[in-house]
Structure formats: structure tokens, C-alpha cells
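> Based on what follows, work out the 3D shape:
(chains A and B)
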Number of protein chains: 2
Amino acid sequence: MRLRFQRSLDDLKEKLLVMAGMAEQSIQRAVEAYRVRDLSVCDLVDHGELAINRFEREIDQMALDLLAMEQPMAIDLRFILAVIKINADLERVGDAATSISDRVRELEAFPVADLPVDTPKMASLAAAMVRKALQAFIEADANIAESVLAMDDSVDKLNETAYFTLLNVMKTQPHMTPQALSALMISRSLERVADHATNIAEDVIFWVRGADVRHYVPVNQPRPA
Amino acid sequence: MRLRFQRSLDDLKEKLLVMAGMAEQSIQRAVEAYRVRDLSVCDLVDHGELAINRFEREIDQMALDLLAMEQPMAIDLRFILAVIKINADLERVGDAATSISDRVRELEAFPVADLPVDTPKMASLAAAMVRKALQAFIEADANIAESVLAMDDSVDKLNETAYFTLLNVMKTQPHMTPQALSALMISRSLERVADHATNIAEDVIFWVRGADVRHYVPVNQPRPA
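Got it, this is the predicted structure:
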């Protein structure tokens, strides 16, 4: 009985990892679609989102069944709740990828503009945060999870720099406004991906330590804008 | 025993309603701060966010305790899971309010610009969606929840119109770019509030009907951009 339950928990974890891989891939693909302006890659992102949504439902149902059929002990309960929350965040990473893909489609009507922002760098960082948050989850390692929280500051800074750089492009070169605005919205979407990775890392810490680090602001560190 | 459990569920519901009231108020306040450009109202929003974050933790802990100490039946289990998910969405409504408040602070350096978008209208609609989603939750009424899903289309349309209107302002009146960009970001934040209300409505339907309507796209209706 207990062994079967343990196996079910392992299955749940396995499925969440597949989901995480899909979410991360969708972000990588969306930014690749943007970089090379390839609408066929946008199609892959949109199809991927359907699969992610399906997976989200399956994972939720598995978690619910486990809660309903077994009486999990406190640590397993925390684990299952973490899975449910991480699952929701991964699904929204997929949504962010679709938002990026929508922008790429809109851009088709405009010539490529050379903009002074490094979107692929921001995308790599955001995707790395998702990967690392999931690594923290697999290894049940709160320290790795904490390193994700630190990475979020870098993404916030990149995003803020992009905002003011692109605002300046729009003011001084209004003919490039559509491209600059799209870059700005994509940068925002990537910041949201980083936020979801942060949420996941917090949920891992909550599960592992039993403590709630959400909304924890270290002393001497201003709240990011 | 059963009676005490029922009372605990009622307490949990009560607390979530207070949380919802706080989240809705934070959006109303943030848009009021924007409308009248009043930074003291921004302060209220920022203080409110701390309270919302505290409430989120308390509700999560109550839900976890209920799951750990009792063995809820399927319907109560679904209810508690719905509370956990709705709680997370309400906290992010608070985050959206803070994003708006951050924009209002940035705008202080710029003169007020008369822009052809109706931000207060969009805010009213988004706040009404949150209110209605919670009404659906209180009354356990999936039909009310479904009406929230329909309202989301209106907000998406308003947001899309605002996007192209403001893009045009930026292209043709570049000196108004900072104000137009802020209006665009605020419109985005309100669209996110509407998305959270939609998530809440879907969780209510999941709880009430036991069916999963998430990612349900009605026939003959194109996916919103």
C-alpha cells in the first residue's frame, strides 16, 4: 500500500518534469521564432501550448486522486501541494511563450529592426531559472531554489534596462516604434517567466523546509521596481 | 468532529472573501492613483500588498492544516484545492495593482497627457470580473462563473484596441511616448487581472461541477490574440 503510494508520487514527479521540459522548450522556441522571424516555429509553440494545457489537467487530476484515495502524511501532503502549484506556474510559462509567438506574428508586417537590447540573453536566463527551479525540486534542495531567487534580480534589471532603452528608441526613432514595442512586450513576457520560476523555487523551499519564504525581502535590498 | 470541520471550511471561505476584497480594492486604488496622479494613493496600494501577502500565507496554512488533520471527502477536497488556487490568483491581482502603482510613480516626471483610451472603464470591468468570480465561488454557481469567462473577451478586446491606439500615439506624437507606454503597460496589467479572474472562475467550475473547463475553447470562437 505504502509502496504503491510512493510509486504514485514518483509518477507524479516524473510527469511534472516532462511538463517542465515542455514549458522550457516553448520559451526557447518562441524566442528562436523571434530571433529568426520564423512563423513555422510560432506554429510549434502554439501546438506545444495545447499539449501543455492537456498535461496540466492530467497532473492536477493525478494529484487530486492521490489526495482523495490515500491519506498522505504531512511531508507528502506538502509535496503534492507543491506539485499542484508548480504545475500552474509551468502552464503560465507556456502562456508567456504564446504571447511571444503572437508578437512575432504581428511583426511580420514590419522590416527587421536592429535594436539595442539582448533578448536572447534574457531568454536564456529566464529558461535557466525554470530549469534550475525544477532541479531544486528534483533534488529537494532549498539552496538551489534560493539561487533561483537571486537570478530573478538579474532578469528584473535586464528588463528595466530594456524598458528605458526601448522607450528611448520610440521617442527618438518613431518609425521603429512597432518593433521596439514588440521587443518591450517580449522582454515583459520573459520577466514573467522568471517570476514563475521564482514562484516555483519558493514552492520548493516551502515543501523542503516547511517554512514559507514567499514575500521574503532580504534586509538592505530594495524591492525591485 | 464533522461540525467542527464544517466550521473550519466556513472560516477558510470567509478569509478568502476578505482577501478578495483586499485584492479588488488594490486594483481600484491603483487606477484611482493613476487617474488623479496621487502618489499617496500609491502608498496605500503598496501597504495593501504587504497585507495581501500576509493573508495569502495564512490562508495557505489553514488549507494545509485542514488537509493534514482531517480526511476531507472528495467534494471538500476539491473545495480546499480551489481555495488554494484562488488564493494564489488573488495574490497576483495584488501584484498587478503594485505594477500599476509603480507606473504612476514613474509618470510623476511627465506632464499629464490626454490619451484616447478609457483606462478606468477597463479597470471597472476587470474589478467586476474579480467580484463576480468570487460571487460564483460564494454561491457555488457555475453559471455565474461562466459569465466571467465571457467578460474576459471584452477585456481582451479593450486591451487590444488600447494597444494599437497607443502604438499610433507613439508613432505620430513621439513626445507623448512615455505617457502612452505607461498607459499601455497599465492596460496590460488590467488584462492580467481579468486573466486571474478567469482562472478563479475556472476553479469555481472545477469545484462545483467536478469537470475541468480550463482551456475550453467554444466552437466557432477564435482564440483571443
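> Quick check: the gap between the spatially most central residue of chain A and chain B.
Closest residue to the average C-alpha location of chain A: residue A:193 at 3.4 Å, with Cα atoms, centre = their mean. When distance is defined by Cβ to the nearest Cβ, to the nearest Å, residue A:193 is 14 Å away from chain B. C-betas here are computed from N, CA, C, even on glycine.
> Equivalent analysis for residue A:175, please.
7 Å.
> need the contact list for the closest residue to that residue other than its chain neighbours.
In this structure, residue A:175 finds its nearest non-sequential neighbour in residue B:171, 7.5 Å apart by Cβ to Cβ, 6 or more residues apart in numbering or on different chains. Residues near residue B:171 by Cβ atoms under 8 Å, 6 or more residues apart in numbering or on different chains: A:174-175, A:177-178.
> if we can go back for a sec, next, count neighbours for the nearest residue to the residue nearest to the centre of chain A once chain neighbours are set aside.
Nearest residue to residue A:193, sequence neighbours excluded (Cβ to Cβ, 6+ apart): residue A:126, at 4.2 Å. Other residues within reach of residue A:126, judged by other Cβ atoms under 10 Å in any protein chain shown, total 32.
> hang on, residue A:126 packs against residue A:188?
No. Residue A:126 is beyond contact range of residue A:188, at 11.3 Å (criterion: Cβ atoms under 8 Å).
> which residues does residue A:161 contact?
residue A:117 are the contacts of residue A:161 under Cβ under 8 Å, 6+ apart.
> Apply 10 Å and report the result again.
A:116-118, A:122, A:187 (Cβ atoms under 10 Å, 6 or more residues apart in numbering or on different chains).
> filter these to the buried ones?
Neighbour counting with 16 or more other Cβ atoms under 10 Å in any protein chain shown marks A:117, A:122, A:187 as buried within these.
> Quickly name whichever of those residues is closest to chain B.
Nearest to chain B out of the buried ones among the contacts of residue A:161 is residue A:187 (Cβ to the nearest Cβ; 11.6 Å).
> quick revisit: secondary structure, distance to residue B:102 and pLDDT for the contacts of residue A:161 - can I get that in a markdown table?
A markdown table is the format used below for those (DSSP: H, G, I helix; E, B strand; the rest coil; distance: Cβ to Cβ, whole Å; pLDDT from 0 to 100):
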| residue | secondary structure | distance to residue B:102 | pLDDT |
| --- | --- | --- | --- |
| A:116 | coil | 23 | 95 |
| A:117 | coil | 20 | 96 |
| A:118 | coil | 23 | 93 |
| A:122 | helix | 19 | 95 |
| A:187 | helix | 16 | 97 |
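> Export those residues to TSV and append columns for distance to residue B:57.
Listed next are those as TSV, based on distance: Cβ to Cβ, whole Å:
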residue	distance to residue B:57
A:116	41
A:117	36
A:118	36
A:122	30
A:187	30
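> now residue A:152, nearest residue through space, not along the chain?
Residue nearest to residue A:152 in three dimensions, not counting chain neighbours: residue A:198, with 4.7 Å by Cβ to Cβ, 6+ apart.
> so how far is residue A:25 from that neighbour?
The gap separating residue A:198 from residue A:25 is 20 Å, by Cβ to Cβ, to the nearest Å.
> ok, those two, which is more surrounded?
When residue A:198 and residue A:25 are compared for neighbours, residue A:198 comes out ahead with 22 against 17, by other Cβ under 10 Å.
> How confident was the prediction at that one?
pLDDT, residue A:198: 97.
> Show me the shaky parts of chain A.
Scanning chain A with the threshold set as pLDDT under 70 gives A:1, A:211-225.
> one step back: contact partners for the residue nearest to residue A:193?
Residues in contact with residue A:126 (Cβ under 10 Å, 6+ apart) are A:24, A:27-28, A:31, A:93, A:96, A:151-152, A:154-155, A:158-159, A:187, A:189-197.
> Then residue A:188?
A:96, A:99-100, A:159, A:162-163, B:185, B:188.
> mind listing which of those are in helices?
Secondary structure from DSSP state H places A:96, A:99-100, A:159, A:162-163, B:185, B:188 of the contacts of residue A:188 in helices.
> quick one: which of those has the most company?
Neighbour max across the ones in helices among the contacts of residue A:188 (other Cβ under 10 Å) = residue A:100, 28 neighbours.
> In space, what's closest to that residue - neighbours in sequence excluded?
residue A:30 (3.8 Å).
> again, but for residue A:20
residue A:134 (4.4 Å).
> Serialize the contacts of residue A:188 to JSON lines and add fields for distance to residue B:73.
Shown next, in JSON lines, are these (distance: Cβ to Cβ, whole Å):
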{"residue": "A:96", "distance to residue B:73": "37"}
{"residue": "A:99", "distance to residue B:73": "39"}
{"residue": "A:100", "distance to residue B:73": "43"}
{"residue": "A:159", "distance to residue B:73": "45"}
{"residue": "A:162", "distance to residue B:73": "50"}
{"residue": "A:163", "distance to residue B:73": "50"}
{"residue": "B:185", "distance to residue B:73": "45"}
{"residue": "B:188", "distance to residue B:73": "41"}
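> quick check, nearest of those residues to residue A:44?
Within the contacts of residue A:188, proximity to residue A:44 (Cβ to Cβ) peaks at residue A:100, which comes in at 12.4 Å.
> quick one, what contacts the closest one?
With contact taken as Cβ under 10 Å, 6+ apart, residue A:100 is in contact with A:26-27, A:29-31, A:33-34, A:42, A:45, A:119, A:123, A:182, A:185-190, A:193.
> Run a quick neighbour tally on residue A:132.
Burial of residue A:132 is recorded as 18 neighbouring residues (other Cβ under 10 Å).
> Figure out the helix or strand that it lives in.
helix A:119-138 (DSSP states H and E).
> Can I get that helix in CSV? Just the C-alpha atoms.
The C-alpha trace of helix A:119-138 is given here as CSV (Å, rounded to 0.1, in the frame of the first residue of the first chain):
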residue,chain,number,x,y,z
THR,A,119,16.5,39.5,-25.9
PRO,A,120,18.2,36.0,-26.4
LYS,A,121,20.3,36.7,-23.3
MET,A,122,17.3,37.5,-21.2
ALA,A,123,15.5,34.4,-22.6
SER,A,124,18.5,32.1,-21.7
LEU,A,125,18.5,33.5,-18.2
ALA,A,126,14.7,33.0,-17.8
ALA,A,127,14.8,29.5,-19.2
ALA,A,128,17.8,28.7,-17.0
MET,A,129,15.8,29.8,-14.0
VAL,A,130,12.9,27.4,-14.9
ARG,A,131,15.5,24.6,-15.3
LYS,A,132,17.2,25.4,-12.0
ALA,A,133,13.9,25.7,-10.1
LEU,A,134,13.0,22.2,-11.3
GLN,A,135,16.4,20.9,-10.5
ALA,A,136,15.8,22.2,-6.9
PHE,A,137,12.6,20.3,-7.0
ILE,A,138,14.1,17.0,-8.2
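> Good, wrapping up.
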